[in-house]
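> the sequence isn't on hand, but the structure is:
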């Protein structure tokens, strides 16, 4: 149990570092909320390799710590709404066994953006935020594909490492 707990701690720290690094990368687009989702590589890899609860724990703890360290209460609320819906979507797509790793990642990215739009509309009491929906969904598909391809390579290398 000690090794597994240590592994979860290291993976959570890695996800937190990737989240911070991502915050330093400017995305020169006029649409708020577009991010690469690098930390999700760790969470979804954990879903595939360690299990549902472990992947969720990494995602949830990373969002809380990231918000406490680099954000505020609103950033935690937005990130949690997107993160929980994203992880639930990833889990459901993974469970069907009908989607590639990249497909799971793309679905999770789109769900993340949708979750944040829903919370923004509730907080602002304005459905006008859904105006950003189409470009955010396209961005989610693109960034989800990129992180999904990286994730596929990570998982392939982990399998090779286990075979040694």
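Great, that's in hand. All of these numbers come straight from a predicted model, not from anything done at the bench. Numbering: from 1, shown residues only.
> distance of the residue nearest in space to the middle of the chain relative to residue 82?
Closest residue to the average C-alpha location of the chain: residue 40 at 3.3 Å, with Cα atoms, centre = their mean. Counting by Cβ to Cβ, to the nearest Å, the gap from residue 40 to residue 82 is 10 Å. Placement of C-beta: from N, CA and C, glycine included.
> common neighbours of those two, please.
residue 112 (Cβ atoms under 8 Å, 6 or more residues apart in numbering).
> low-confidence ranges in this protein?
Within the chain, the stretches with pLDDT under 70 are 1, 164.
> helix, strand or coil: sort out residue 27 for me.
coil (DSSP: H, G, I helix; E, B strand; the rest coil).
> my guess is it contacts residue 35. True?
Yes. At 7.1 Å, residue 27 counts as touching residue 35 under the criterion of Cβ atoms under 8 Å.
> residue 100: how many residues sit nearby?
12 (other Cβ atoms under 10 Å).
> nope, residue 25 is what I meant
Around residue 25 there are 9 residues (other Cβ under 10 Å).
> residues in contact with it?
residue 36.
> quick one: end-to-end length of stretch 30-47, please.
33 Å (Cα to Cα, to the nearest Å).
> cool, and stretch 45-61?
Start-to-end, stretch 45-61 (Cα to Cα) is 16 Å.
> what residues sit buried inside the lengthiest helix in the chain?
The longest helix of the chain (DSSP state H) is helix 133-163. Of the residues in helix 133-163, 136-137, 139-141, 143-144, 146-148, 150-151, 154-155 count as buried by neighbour count, 16 or more other Cβ atoms under 10 Å.
> as a markdown table, those residues with distance to residue 112 would be great.
Below are the buried residues of helix 133-163 laid out as a markdown table (distance: Cβ to Cβ, whole Å):
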| residue | distance to residue 112 |
| --- | --- |
| 136 | 9 |
| 137 | 11 |
| 139 | 10 |
| 140 | 7 |
| 141 | 12 |
| 143 | 9 |
| 144 | 9 |
| 146 | 14 |
| 147 | 11 |
| 148 | 13 |
| 150 | 16 |
| 151 | 15 |
| 154 | 19 |
| 155 | 20 |
